[in-house]
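# fold the following, please.
(one chain, ligands or ions: 1)
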Amino acid sequence: MDVMSWIKLNVDTTHNKIDVIVKFIFSRNINETFSFGLGNMLEVYDISCNQFPCTWETKDDLELPFRLGLQQISVDLPMECNVIELRYSGKVNGWSTNIGPDCVMLNYYSAWYPIFLTKTRIKFNVEIDGLHGFQLVNSTYDEDKRVWIYGTTCFDCNILALANGGLTVRTMNDVTIYIHTGPSFDRDNEFEIARIAEEIIKFFSTSLFQTKITKTFNLVIGVTSMIEGETIGYCRNNLIVMGSIEVVNSEVARLFAHEMAHFWCHGADSSTWEDWLNETFAEHSALLFIEDKYGEEAYNNRIRYHNEEADAAPAIRTPDGRRPHGVHSKGTVMIQNLRKLYGRDKVFELIRIFEVLNPKTTDQFVTEVRNKFGDEISNYIFKHIT
Ligand SMILES: [Zn+2]
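Below is the predicted model of the structure:
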């Protein structure tokens with residue numbers, strides 16, 4: 001089923017709150033119940049279907065990967081309908097999320113908009129009010145309505161707004177990067193990030209990956225709190241978002257390289273345990289880069305972190321197919337152990353196998369590895385998944 005959404009988002013940067021009106025138009029009628037996830041600090045105050053008021057039930061125990069706190073809203077539909085309208089307001093929290101006087105970051109992880117519980121293709125049309133004086137990434141300003149307009153057919157919806165920030169543009173090997181930074185961001189750091197970005201692209205496109213990419217993308221360095229002491233970020237088709245950065249060191253470069261590596265290392269189902277493929281090979285790509293640029297110590301520090309995380313994490317393949325916590329580290333350590341046994345070049349080759357794998361599943365990966373290197377390595381990988 002296809003869904004069109006019309007979202008009116010009002011951002012109150014003084015009280016760190018949002019007020020939202022959402023209208024969904026479904027490509028066919030739905031009946032009985034309509035359920036979705038929403039950030040659990042948001043309060044729903046009105047729901048209607050084809051303009052008839054609806055009742056709904058709220059449960060606070062919804063758990064989905066990548067979210068900190070979700071509520072499940074189940075709407076009783078009094079009849080078959082194809083238009084649902086919702087109104088809600090409140091605060092948001094989650095990974096890479098922020099509402100402040102000069103930086104607003106709202107995304108899939110904040111669950112600031114209804115998250116469908118079934119696979120549904122949604123077109124987002126968002127009108128954003130309250131952000132005059134900000135610059136919005138991937139949005140245009142409507143002078144007449146005095147609102148920002150954002151639209152996408154991606155699976156998610158990222159509102160990224162910075163006031164009084166910086167913008168640096170760099171082009172390298174057919175890749176152009178727009179670097180957007182927050183107001184307190186040091187200009188020298190901005191240029192340093194741009195320099196590192198060039199080095200990463202050069203390393204990836206000439207020494208590691210086989211596929212040439214032509215791309216223009218936005219890098220947004222905003223203001224978000226760290227989760228569990230880790231600087232985090234995320235990557236979409238033409239977008240990389242990173243949290244606050246004070247010093248540009250090997251860890252920042254590693255994170256940046258990891259997110260850029262996802263341009264090549266993606267495609268395995270990221271909502272299941274199979275996400276270990278995307279994450280492990282993006283991470284090893286980043287590790288090869290920082291080893292090259294910063295040397296063994298930076299490399300080993302990160303491996304040490306993964307060893308600790310992996311020890312505490314469950315097996316990669318979960319009985320119910322869910323994405324386990326620690327999926328990054330478990331796979332990274334496994335490939336690191338293979339590197340110890342078979343050498344650094346093997347890591348390059350394994351990354352390249354995943355890069356062009358089709359379909360991007362663990363079974364297919366193990367099969368390709370067996371075809372190329374024989375049973376020993378493929379059995380090793382297979383054994384360490386479970
Ligand atoms: Zn990643």
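# how far does stretch 172-179 sit from the chain's center?
20 Å (CA atoms, centre = their mean, to the nearest Å).
# for that stretch, buried residues please.
Buried positions in stretch 172-179, judged by neighbour count with 16 or more other CB atoms under 10 Å: 175, 177, 178, 179. The way it works is simple: take the backbone N, C-alpha and C, and place the C-beta from them, glycine included.
# adding pLDDT and secondary structure, write those out as CSV.
Shown next, in CSV, are the buried residues of stretch 172-179 (pLDDT from 0 to 100; DSSP: H, G, I helix; E, B strand; the rest coil):
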residue, pLDDT, secondary structure
175, 89, strand
177, 92, strand
178, 94, strand
179, 93, strand
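# taking the centroid of the protein, which residue is nearest it?
Centroid-nearest residue in the chain, with CA atoms, centre = their mean: residue 234, separated by 3.6 Å.
# interface residues of this structure facing the ion?
Selection of the chain residues close to the ion by CB under 5 Å from the ion yields 279, 282.
# about what we covered before: what about the residue nearest to the centre of the chain, which helix or strand?
strand 233-236 (DSSP states H and E).
# sheet partners, orientation included, of the next helix or strand after that strand?
Later in the chain than strand 233-236, the nearest helix or strand by DSSP H and E is strand 239-242. In the sheet, strand 239-242 lines up against strand 215-221 (parallel), strand 233-236 (antiparallel) (DSSP bridges).
# quickly, which of those bottoms out on average pLDDT?
With a mean of 85, strand 233-236 has the lowest mean pLDDT of the strands paired with strand 239-242.
# contacting residues around that one?
95-96, 107, 109, 154, 156, 158, 240-243, 255-256, 258-260, 262-263, 266 (CB atoms under 8 Å, 6 or more residues apart in numbering).
# need the buried ones from those residues selected in PyMOL.
Burial among the contacts of strand 233-236 is assessed by 16+ other CB under 10 Å; the matching PyMOL selection reads:
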select buried, resi 95+96+107+109+158+240+241+242+243+255+256+258+259+260+262+263+266
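# can you list the domain ranges for the protein.
According to automatic domain parsing, the chain comprises the domains 2-162, 166-261, 275-385.
# after the strand ranked longest in the chain, next one along is what?
Counting by DSSP state E, the longest strand found in the chain is strand 17-30. Heading C-terminal from strand 17-30, the first helix or strand you meet, by DSSP H and E, is strand 33-39.
# in the helix or strand following that next one, which residues are buried?
Proceeding N to C from strand 33-39, the next assigned helix or strand is strand 42-49, under DSSP H and E. For strand 42-49, burial by neighbour count (16+ other CB under 10 Å) applies to 42, 44, 47, 48, 49.
# and which of those residues is nearest to residue 118?
residue 49 (17.3 Å; CB to CB).
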